[in-house]
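In: Okay, predicted coordinates and the sequence, questions at the end:
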Amino acid sequence: MVDCCSQPGLLPFEQALSNMLAAITPIEDIEQVNVEDAYNYVLAQDILSPLNVPGHDNSAMDGYAFSLKSLVNNKTLTLVGRSMAGAPFQGTCGLGQCVRIMTGAKMPADCDTVEMQENCQVDGENITFLEEKKFGAHVRNAGEDIKEGQAVYSKGHRLSAIDVGVLASLGIKRVSVYRKLKVALIATGDELKKPGQTLTDGDIFESNSYVLAGMLNKLHVEVIDFGIIEDSFAAIKHAFEQADEQADAVISSGGVSVGDADYTKMVLDELGEIGFWKIAMKPGKPFAFGTLPNSIFFGLPGNPVSAMVTFHQMAIPGLLKLQHANDIKRAHVQVKTTTDLKKSPGRMDFQRGVLSINDVGESVVTSTGSQGSGILSSLAKANCFIVLPSCQGKVNAGETVTVQLFDQFLI
Ligand code: AMP
Ligand code: MG
């Protein structure tokens with residue numbers, strides 16, 4: 001979807017995203033990791049199940065196993081043995097007979113049905129079945145969860161905690177994954193101080209690298225923090241050269257608009273092929289993207305909300321592509337807004353909102369209030385973006401809007 005309402009001179013958001021993705025080539029370095037270390041890695045192979053899960057027919061209940069034919073004329077069967085998880089029944093269970101069976105235990109060869117113990121009357125070795133049963137009741141069949149040879153995961157899939165458990169349950173010991181990316185973080189600005197340092201007149205505490213490092217952690221990359229770099233050509237050039245040598249991707253914040261102290265553009269023009277884009281999105285109009293000799297580069301705006309939103313909407317899909325991971329599908333819902341939303345046509349807005357349930361049980365969204373691009377607390381209160389397309393003007397309370405739920409990177 002390319003919108004036609006963007007202000008002249010601004011690149012529509014979708015076009016910026018697709019231009020950026022087209023310029024990124026995924027890494028190809030593969031390594032083998034043990035399954036216990038595989039959490040959050042991106043698979044570099046398809047996984048086919050080496051076995052059936054479950055591996056054998058087994059009981060879903062604690063009770064008695066038998067052949068259903070046994071109950072046609074007779075409701076009382078004779079107990080001939082036990083089948084426990086890890087210690088299956090070894091004998092034969094003929095007509096008129098049953099076997100005590102526990103949950104997960106292997107079904108005896110001649111049995112097809114299980115009755116739970118609550119529906120049986122026990123008198124020594126005589127077990128009376130109180131209810132009618134259906135053939136195969138309470139039996140889990142071999143391969144009903146996963147069949148041998150079935151595709152379980154494909155290349156590009158990021159392994160969750162559950163996925164690691166599934167791999168273990170298949171007896172898989174090692175998997176091929178793409179190596180971890182190294183990502184360099186650079187904060188630029190003479191006014192920035194780290195928490196713990198003393199602020200002098202006009203200074204502020206640096207916060208972007210903290211937000212970005214947290215989000216990068218969820219992408220399972222190694223972060224190389226270059227700290228705060230002063231606004232000087234030499235210092236910025238040195239930092240970018242070092243970062244490019246060590247990292248697969250370099251991310252800076254600040255200095256991408258064209259202010260007096262914005263040396264980033266001069267340095268990057270000298271070092272690589274960087275486009276300085278004005279994207280038709282709000283917050284986050286200035287954004288730089290391109291290639292350095294050994295890495296890709298994302299230049300985020302300095303304002304904390306703009307830095308976070310451009311990182312989330314632009315850099316994350318770029319880094320996912322670089323690390324060979326499948327793109328994430330962000331969840332969108334259509335709901336009514338409880339508040340008026342200020343907006344003028346020309347840019348796609350990512351306003352911060354709180355999605356909640358109102359008194360009559362409907363999902364509704366409420367703006368977090370002031371939407372200034374420096375107000376990080378507006379983001380801290382939010383649990384979603386209210387995504388307003390470029391063409392959209394002001395929205396009145398009660399109108400329906402599109403909401404993008406915060407994903408795993410933002411919570
Ligand atoms: P700039 O893009 O460098 O002009 O910065 C825009 C605004 O964002 C200025 O008010 C900066 O002080 C602020 N800013 C820049 N970098 C950071 C940072 N790392 N953490 C917090 N605020 C920042
Ligand atoms: Mg600056």
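Out: Looks like it arrived, so ask away. Only a predicted model underlies this, so the values are computations on that prediction, with no experimental measurement involved. Numbers count the residues shown, from 1 in each chain. Ligands and ions are numbered 1, 2, ... in the order given.

In: drop to CA atoms for contacts and neighbour counts, all remaining ones
Out: Noted.

In: what sits against the closest residue to residue 46 other than its chain neighbours?
Out: Setting aside the residues directly before and after it, residue 46 is nearest to residue 154 in space (CA to CA, 6 or more residues apart in numbering), at 4.1 Å. Residue 154 makes contact with 43, 45-47, according to CA atoms under 8 Å, 6 or more residues apart in numbering.

In: for residue 303, same thing?
Out: Applying CA under 8 Å, 6+ apart, one finds that residue 303 lies in contact with 254, 373-374.

In: pLDDT weak spots in this structure?
Out: Within the chain, the ranges that satisfy pLDDT under 70 run 1-4, 260.

In: Residues of the stretch 51-200 of the chain that sit close to ligand 1?
Out: With the criterion set to CA under 6 Å from any ligand atom, the stretch 51-200 of the chain comes near ligand 1 through 187-189.

In: Then the stretch 301-411 of the chain?
Out: When proximity is defined by CA under 6 Å from any ligand atom, the stretch 301-411 of the chain lies next to ligand 1 at 301-304.

In: Show me these that map onto helices.
Out: Mapping those onto helices (DSSP state H) picks out residue 304.

In: Now tabulate the residues of the stretch 301-411 of the chain next to ligand 1 in JSON lines and tack on distance to residue 350.
Out: Shown next, in JSON lines, are these (distance: CA to CA, whole Å):
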{"residue": "301", "distance to residue 350": "15"}
{"residue": "302", "distance to residue 350": "17"}
{"residue": "303", "distance to residue 350": "15"}
{"residue": "304", "distance to residue 350": "14"}
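
In: Strands of the stretch 101-250 of the chain, start to end?
Out: Per DSSP state E, counting those that start in this stretch, the stretch 101-250 of the chain carries strands over the ranges 113-116, 120-123, 126-129, 139-140, 151-153, 174-178, 182-188, 192-193, 204-205, 222-229, 249-253.

In: For residue 333, which of those strands is the nearest?
Out: strand 151-153 (27.8 Å; CA to CA).

In: Residue 291 and ligand 2, how far apart?
Out: Per CA to the ion, to the nearest Å, residue 291 is found 21 Å from ligand 2.

In: Bridged to that residue, which residues?
Out: Counting by DSSP bridges, residue 291 is bridged to residue 273, residue 296.

In: Who wins on neighbours among the residues of the stretch 301-411 of the chain next to ligand 1?
Out: Counting neighbours by other CA atoms under 10 Å, the top entry in these is residue 301, with 27 neighbours.

In: quick one, what contacts it?
Out: Neighbour list for residue 301: 253-257, 284-287, 307, 310 [criterion: CA under 8 Å, 6+ apart].

In: try it again with 10 Å
Out: 208, 252-257, 283-288, 307-311, 373 (CA atoms under 10 Å, 6 or more residues apart in numbering).

In: what does residue 10 give?
Out: Contacts of residue 10 by CA under 10 Å, 6+ apart are 16, 277-281, 285-286, 346-347.

In: For it, what are phi and psi?
Out: The phi/psi pair for residue 10 (degrees, to the nearest 10) reads phi -110, psi 140.

In: What's the separation between it and residue 146?
Out: Taking CA to CA, to the nearest Å as the measure, residue 10 falls 50 Å from residue 146.
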